[in-house]
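> Okay, structure incoming, though there's no sequence with it:
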């Protein structure tokens, strides 16, 4: 099975980072469908360390604002949803449920802090990419961002859970006037090697 050209255009070739948003809300049902789609993307040992905070309210955006860089303020405050893509450093606590065919899997990470930290960050980042692709597949537009103070975000939204922020993604229905011309991409021979 392969995806048709229109699907590739939707997910990659014609997809763009959005900076302006239409005044159109994203429903709770759509956010649940978004998560229920992205969760099936593969991760190492099915570890699924990503955690997501969907900020939709004015109060939530006001709590987020002090952590944003000035260049990300307007587009984030106007986005219908801003997702904190985070990860759980103690993701391995869920492995008995997520990786039940190997009862020793949890010990791989409890006995190796470096491996646990690398696995959490790497696979949580991968799940953040799945979020972007799933959003596009569901007809939403996205704008992923760095440019914020992780410590402030963690304190405001994640400290009570022990999660750590990775990056932010604005989600909604994009206003085409906020899309920049596509920047160049590297050709195959500058970015890839056949070995």
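Arrived safely, thanks for sending. Computed from a prediction, not measured in an experiment: that's the story for all the values here.
> buried ones in the longest helix belonging to the chain?
Ordering each helix of the chain by length in residues (DSSP state H) puts helix 113-137 first. For helix 113-137, the neighbour count (16 or more other C-beta atoms under 10 Å) marks 116, 119-120, 123-128, 130-136 as buried. Quick note: C-beta positions are derived from backbone N, CA and C, even for glycine.
> and of those, the nearest to residue 13?
Using C-beta to C-beta, residue 136 is the member of the buried residues of helix 113-137 that lies nearest residue 13, at 11.2 Å.
> my guess is that closest one meets residue 15, correct?
Yes. Residue 136 lies in contact with residue 15 (C-beta atoms under 8 Å); the separation is 5.4 Å.
> center of this structure - which residue?
residue 128 (2.7 Å; C-alpha atoms, centre = their mean).
> Need the nearest residue in space to that one, chain neighbours excluded.
residue 85 (3.8 Å; C-beta to C-beta, 6 or more residues apart in numbering).
> Neighbours of the one you found, how many?
21 (other C-beta atoms under 10 Å).
> Equivalent analysis for residue 66, please.
12.
> ok, and the spatially closest residue to it that is not a sequence neighbour, which helix or strand is that part of?
In this structure, residue 66 finds its nearest non-sequential neighbour in residue 152, 5.9 Å apart by C-beta to C-beta, 6+ apart. Following DSSP states H and E, one finds residue 152 within helix 150-153.
> How about that helix, which residues are buried there?
With burial defined by 16+ other C-beta under 10 Å, the residues of helix 150-153 counted as buried are 150, 152-153.
> Could you dump those into TSV with pLDDT added?
Below are these laid out as TSV (pLDDT from 0 to 100):
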residue	pLDDT
150	98
152	98
153	98
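> Name the nearest of the residues you listed relative to residue 38.
residue 153 (20.2 Å).
> Surely the closest one and residue 84 touch.
Yes. Between residue 153 and residue 84 there is a contact under C-beta under 8 Å: 6.1 Å.
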